[in-house]
Each structure stands twice: as C-alpha cells, then as structure tokens.
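Engineer: sequence first, predicted coordinates after that:
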2 protein chains.
Amino acid sequence: MGIADRKEREKTEMKRLIMDAAMRMFLEEGYEKTSIRNIAEKIEYSPATIYLYYKDKDELLYDVQRQAFEKLYQVFEKKAVNKHPFKRLEELGKAYIQFGLEQPDLYDLMFIIRSPMNKIEQEDTWENGDASLQFLLSIVEECMAQQLIRFQDKHVAALSLWSVCHGLVSLHVRCRLKVMSLDDNSASHAIYHALDQYLQMIKV
Amino acid sequence: MGIADRKEREKTEMKRLIMDAAMRMFLEEGYEKTSIRNIAEKIEYSPATIYLYYKDKDELLYDVQRQAFEKLYQVFEKKAVNKHPFKRLEELGKAYIQFGLEQPDLYDLMFIIRSPMNKIEQEDTWENGDASLQFLLSIVEECMAQQLIRFQDKHVAALSLWSVCHGLVSLHVRCRLKVMSLDDNSASHAIYHALDQYLQMIKV
DNA sequence: TGGAATACTGAACACTGTTCAGTAAGTTTG
DNA sequence: CAAACTTACTGAACAGTGTTCAGTATTCCA
C-alpha cells in the first residue's frame, strides 16, 4: 500500500505547510492579519483548499497553538535548570514572563484569545498546555517536598504562580498597565519586580 | 442660544442612546455579536448614523468601557466597607473576582480585548480605570501604614494583587484553566481559594 | 483505455467596519 | 412668506472576513 502511505504523508505535509504559513503570518503580522485568505495566498493555494485539511480556522489555530506551546516548553527546559528547586521556580517564572513579553502574538494565541479554544469547548481538558503545566507542577512538588514554599496544595501553588505571571503579562500586552502611567520600558521593569516580590512572599 | 443648547442636548442624548444599546447588546449577546449594524438596527437608525456620533467602533466601545468601570467602582464602594483595612482589601479582591465571573463580557471589555484601547494607543494614561485603581491604592496605602502587608511600595502591592486577581479571572473566562481538568464549578472554587492563599502570603 | 476517486478552485453567501454622495428636514436670512 | 443655508440622516458601495459548494482538472486502478 505504498500509494496510500504516500497520500497520508502528503496530507500531513500539506497540513504542515498550512500551519507553518499560519505561524509565520502570526509572528510577522499578528492575529488580525492572519486570515484564511492571506495564508492561502502565501502558500499559493485557494482559500477553499485549506478547508480540505482543517475543519475551520479554529482547528488550524489550535494546531498553531500546539506548536507555540512546544516553543514555550523548550524555553522552560533551557532556562529552568538550577539544581535548587526554588531557584528553578524563579527561573521558570522569569522565563514565562520573558516569553510573553518577547512573543506577544504567540502569547495571545496561547493564553488570551478565544478562538482556538472553541475547538475543545465541550471537553474539559486541554492537552496543548499540558506538558508546560506538568513542568511547573513538578518543580512546585519538589519545592514543597523540601518545604521551600508556603503552600499546602501543589495545584493551588501552581495556579497561584501561573496567575501572577499571566496577570502581569496579559495586563501589559493588552495595554491595561497604562492606568499606572508606566511607559513600555518601566512597565516591563515593574513586571519583573512584581514577580520577585511575589516569590519572596511565597518563600518559607 | 436655546436652539444651540437643545442641539447640544440632543447630541449627547443620541450618544447615550447608542451607548446604551451597545451596552445592552454587549451584556446580552457578547462582543462578537455587538456589531455596528446590530446596534443600528436595535435603535432603528442606519449604521452610518452611528458614525456621526462616534469616530469609529473603538471610540464607542471606549465609552461603554467607561460605563462598565463605573459599575465596578460601585461594586467596590458597596462591598469593600470593613473598618479594618486588610479585611477591606480581602473584600475588594473577592468583589473584583466575583464581578469578573458574573459579568464575563464586561470583564472582557474592561481588561482583555484590544479594541477599546486603540483609542488611547498614543497616550500613556487610561482614565477609564483610574478611579478603581485609586480605590485599590488607598486601601493598600492604609494597610501599609498599619504594617499589615509585607510590601514596601504601594504601587508594587497594588500591581501584585491586581495581577493575581486578573490572572485568575482571565485564565478562567478564556477557558485556560481547562488544562487543570477543572469543571466550571470547581474552577470558581479554586479561584477564590487561590485568592485566599495569596492574601495569607502577603499578610505580615 | 474507461471509469472512479481524489485534489483543487472560482464564485458565491452572509457577515464585518467604514465612507460618501445624495436627500430630506430644520433653521436662518432677505 | 420664500429662498438659501445648515444639519441630520441614509442607501449603496468598498474592501475585507470565514465558509460552502458545484464544477473541473488530475491521478489512480481495474
């Protein structure tokens, strides 16, 4: 069945082609400009062709999101490496925020915009973010085992840290920190400082 | 100058009519369904008429956002009333989260979606959220004066609390807490619990 | 080589925000 | 009062969006 295999391969290659074009477009032009028509034009196919490989735009963006989470995970693996678990937790938080500030469009897709989550509206789990969450949880667990942080429940601890980081990044990328009269530069300084303060508070 | 006055009055009344229709539409149908055409239909005017009173959709939404912040402020005034400043801070955080969970569409407009912030892209202050922030700051200030919280800087403290609350609410309303396999009910429970834990951490 | 399956597309549908020429009504002036 | 001017409003259009579908090539298999 060599032909069926080749067909299968070509199908996934085409999906890849579409997804990569969408990802590039997302990074270079942002969400607003990433339309089915623009993607189609970039890969030199008709817009209708995309619908032969993806049910709708949400399903395509969900795939792009998956790829974005792989990038985040790689950043985590690279930056959260310290032997001491609490230091690793600090590195993780910093890496998360840095990722959000440097890749605001990807951050949008992963954590802010509604669109790609419609695909899993019915289900109550979301596998795209799973590996990164597990990474966070394992560090939290280790911190708790050595009694380095003042939490009783690892899920609460993870949720708390994630929320602080996400709150800071998302308020910034959506310009809400303007209420504090911070320019872009001093805002990112304030964000890292707020993270440091938070980490001090949870340290036992 | 009676006629000029009446004209002026009619102009603001018309703006009010448009804004109120937009607000109702926002609450009942959400952001996606709140189109210029739908608003125009609801008030029985042509879509083009709206552009005689608002430069563009962003300017209109900015006005709706202003009204939404007035609602939030009223909630703060009603719920954050305890004599003890730290208890008032707790009440404020709870009220913020409750507001976000009960009015997800308004929360969107105030803190998540890009649209109404385009209007003030150039400026670096954002008056709509100012009163509510001042409310938070005054409580934080009082807490610090009585050495009830472990912060040195009131702005950092305010940013920290706001970020935790916003992080929790926004991750929830945008379905990202699904990664933790929480259904809607247990998610809101987890959110309030995470807030409680945070408040314990910052307490001196 | 003929027929079936596959891959692809042009054109259309129903939306969106926005603009603008044109009309109708209200106001001011001669 | 009538003419001229001003204001308020709208229908239709433009350029864009996601999505569907009939129809056309192309490829595959008997």
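Structural biologist: All right, it came through fine. Numbers count the residues shown, from 1 in each chain, chains lettered A, B, ... in the order given.
Engineer: going forward, measure contacts between C-alpha atoms and count neighbours the same way
Structural biologist: Will do.
Engineer: list the contacts of the spatially most central residue of chain A.
Structural biologist: Nearest to the mean C-alpha position of chain A, by CA atoms, centre = their mean, lies A:Met110 at 4.0 Å. Taking CA atoms under 8 Å, 6 or more residues apart in numbering or on different chains as the contact definition, A:Met110 lies against A:Gln65, A:Ala68, A:Phe69.
Engineer: using JSON lines, lay out the residues you listed together with secondary structure and distance to DNA strand C.
Structural biologist: Shown next, in JSON lines, are these (DSSP: H, G, I helix; E, B strand; the rest coil; distance: CA to the nearest atom of the strand, whole Å):
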{"residue": "A:Gln65", "secondary structure": "helix", "distance to DNA strand C": "23"}
{"residue": "A:Ala68", "secondary structure": "helix", "distance to DNA strand C": "25"}
{"residue": "A:Phe69", "secondary structure": "helix", "distance to DNA strand C": "27"}
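Engineer: of these - the most surrounded one?
Structural biologist: Neighbour counts for those peak at A:Gln65, which has 24 neighbours (criterion: other CA atoms under 10 Å in any protein chain shown).
Engineer: how is the nearest residue to that residue once chain neighbours are set aside assigned, secondary-structure-wise?
Structural biologist: Counting by CA to CA, 6 or more residues apart in numbering or on different chains, A:Gln65 lies nearest to A:Met110, which is 5.7 Å off, once chain neighbours are set aside. When the structure is split into helix, strand and coil by DSSP: H, G, I helix; E, B strand; the rest coil, A:Met110 lands in helix.
Engineer: my guess is A:Tyr62 contacts A:Pro116. True?
Structural biologist: Yes. Counting by CA atoms under 8 Å, A:Pro116 is a contact partner of A:Tyr62 at 4.7 Å.
Engineer: in the top helix by length along chain A, what counts as buried?
Structural biologist: Criterion DSSP state H: the longest helix present in chain A is helix A:2-29. Neighbour counts using 16 or more other CA atoms under 10 Å in any protein chain shown place A:Lys15, A:Ile18, A:Met19, A:Asp20, A:Ala21, A:Ala22, A:Met23, A:Met25, A:Phe26 of helix A:2-29 among the buried residues.
Engineer: in terms of pLDDT, where does A:Arg6 sit?
Structural biologist: In the predicted model, A:Arg6 carries a pLDDT score of 67.
Engineer: run the chain-centre distance for the longest helix of chain A.
Structural biologist: Average the C-alpha atoms of helix A:2-29, do the same for its chain, and the two points are 21 Å apart (CA atoms, centre = their mean, to the nearest Å).
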